[in-house]
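Participant: Kindly generate the corresponding structure for this input.
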Amino acid sequence: MQGRKDYTEKLFTSFQLSSRVPKENLYRKLRETLDLNFLYKDTKDLYGKTGNRSIDPVVFFKLLLTGYLENITSDRKLVEHCSMRMDVLYFLGFDIDEELPWHSTISRTRQLYPASLFEKLFNKVFTLCVNSGMVSGHTQAVDSAPVKANASIEV
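Facilitator: Next up, the predicted model:
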């Protein structure tokens, strides 16, 4: 007899995101390895005391790191991509039914932070990854392509 799969959408009453992300998943390892709490202190002076609450600085930088790792340069695409990946949601600290920050909030927050903070974050994340064994320096690769020079003044 021919089988037929009928789909009926269910409301999950008991669902734990962490149980769906494999132990060897990169984003799970990053969540367990990276302690970005130093960002709260480093970004505190960049915010006012009144107004609406901002995006969490740790969430913001985790979103940027995800965009870098996934080669996503558009904030719209980044939010769309992250909202559909359970491992990334787990890394960001969001549940499957929580809304991610708006793409425009990510863009405005990026303009708020100085370049020195991004450099500090990069160095800290890289150090944490090396110390945990996620990065090793035993292989080097060089890519090159010959390009004909055109240095003539008379083109």
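Participant: show me what contacts the residue nearest the centre of the chain?
Facilitator: Central residue of the chain (Cα atoms, centre = their mean): residue 66, 2.3 Å from the mean position. By Cβ atoms under 8 Å, 6 or more residues apart in numbering, the contact set of residue 66 is 27, 72, 78, 81-82, 88, 91-92. Placement of C-beta: from N, CA and C, glycine included.
Participant: Just give me the closest of those residues to residue 98.
Facilitator: Nearest to residue 98, judged by Cβ to Cβ, of these is residue 92 at 9.2 Å.
Participant: Tell me how far that closest one lies from residue 121.
Facilitator: 16 Å (Cβ to Cβ, to the nearest Å).
Participant: Looking at those two, which one has more neighbours?
Facilitator: Neighbour totals were compared for residue 92 and residue 121, and residue 92 leads with 24 against 20 (other Cβ atoms under 10 Å).
Participant: Could I get the pLDDT score of that one?
Facilitator: On the pLDDT scale, residue 92 is placed at 97.
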